[in-house]
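J.: I'd like to go over a predicted model; first the sequence, then the structure.
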Amino acid sequence: MKKITLGLLLVTILAGCSGPKYTATPISKANQSTEVTIVEHPATRSVFLDNMLTWCMDEGKKCKVAKPNTTPDPSELTLTYISRWSWDIRTFVADAKIKAYKNDAQVGEVEFKAPNHATFSKYGDDNKRIQAMMDILFGRITVSEAQQKLSAGEY
């Protein structure tokens, strides 16, 4: 009985250590702009683009959406994104990535991963998690601050 209890405890601890997390290289202030082009990714759920556009509007940024396979002006700040959703009782953002480009160079990136383990931490407010990605990318909050909010169940 003690071995079973110890085994369950270890599984619980290990699952808790591998919860959702952000990683990022924020866009430097020099590369930020009030005008942003977002290249649409049609295979990603539209809620992802909708949240990016809502974030832009809330932050006073003028965002335009470019169709896939178009080439935006390289001097403009351009964002690309991709997200994969998973299902386990309900859908959730399993992983997502937003990349920022300017003058033909990548100038920032943020990634979110929610491992599909037997924990409830993978579930959260997907809208807030996407908007947090934008906050991190543009330097509004740090990865550490976002992680604290994830741990507190705010995202």
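T.: Okay, I see it.
J.: Extract the CA atoms of the strand or helix carrying V36 and return them as PDB.
T.: Assignment of secondary structure by DSSP states H and E places V36 within strand 35-39. What follows is strand 35-39, C-alpha atoms only, in PDB (Å, rounded to 0.1, in the frame of the first residue of the first chain):
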ATOM      1  CA  GLU A  35       1.300  49.700 -36.900                       C
ATOM      2  CA  VAL A  36       1.400  45.900 -37.000                       C
ATOM      3  CA  THR A  37       0.700  43.500 -39.800                       C
ATOM      4  CA  ILE A  38      -0.600  40.000 -38.800                       C
ATOM      5  CA  VAL A  39      -0.300  37.200 -41.400                       C
END
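J.: and that strand, which strands flank it?
T.: Using DSSP bridges, strand 35-39 pairs in its sheet with strand 62-66 (parallel), strand 77-88 (parallel).
J.: State the mean pLDDT of the last one.
T.: The predicted model gives strand 77-88 an average pLDDT of 82.
J.: still on that earlier bit, and among the strands paired with strand 35-39, the most buried is which?
T.: By mean neighbour count, with neighbours taken as mean count of other C-beta atoms under 10 Å, strand 77-88 ranks first of the strands paired with strand 35-39 at a mean of 17. Any C-beta I mention is one placed from the backbone N, CA and C, and that applies to glycine too.
J.: For R45, find the nearest of the strands paired with strand 35-39.
T.: strand 77-88 (6.2 Å; C-beta to C-beta).
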